[in-house]
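*Asks:* no sequence on this one, just coordinates:
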């Protein structure tokens, strides 16, 4: 079983190291991310759920860790995350099914530490 809490923390650490090597790129990516997930016509929660579906379809463990975490931080429920996994499976087929299971594991891990 993967530890998604550790994965989240490890990626944060690695991104900080990368920021030292390519500060302009990382700064601009950070600004892009902030602008992209800011609430507008679509809420930040919904945008994080969209990002999670893409992370599942793209088979990205680090992205799954980040977007499950951030979806929860933006008020997503377990049910909303579960339905997002369903949409990702529809769009991504078998590989998304496997990574959808991973996203559900991440959800359980992040929920356990929130209690």
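*Replies:* Alright, I've got the coordinates. Just so you know, these numbers come straight off a predicted model, no measurement behind them.
*Asks:* and the gap between the most centrally placed residue in the chain and residue 33?
*Replies:* For the chain, the residue nearest the mean C-alpha position is residue 67 (1.6 Å; Cα atoms, centre = their mean). Applying Cβ to Cβ, to the nearest Å, the value for residue 67 to residue 33 is 11 Å. Backbone N, C-alpha and C define where each C-beta goes, glycine included.
*Asks:* now the host helix or strand of residue 65: average pLDDT?
*Replies:* Assigned by DSSP states H and E, residue 65 falls within helix 61-73. The average pLDDT for helix 61-73 rounds to 97.
*Asks:* give me the number of residues near the residue lying closest to residue 67 once chain neighbours are set aside?
*Replies:* Excluding the flanking residues, the one nearest residue 67 by Cβ to Cβ, 6 or more residues apart in numbering is residue 52, at 3.9 Å. Counted by other Cβ atoms under 10 Å, the residues lying close to residue 52 total 29.
*Asks:* ditto for residue 41
*Replies:* 5.
*Asks:* what's the single longest helix in this protein?
*Replies:* Using DSSP state H, we find that the single longest helix of the chain is helix 78-114.
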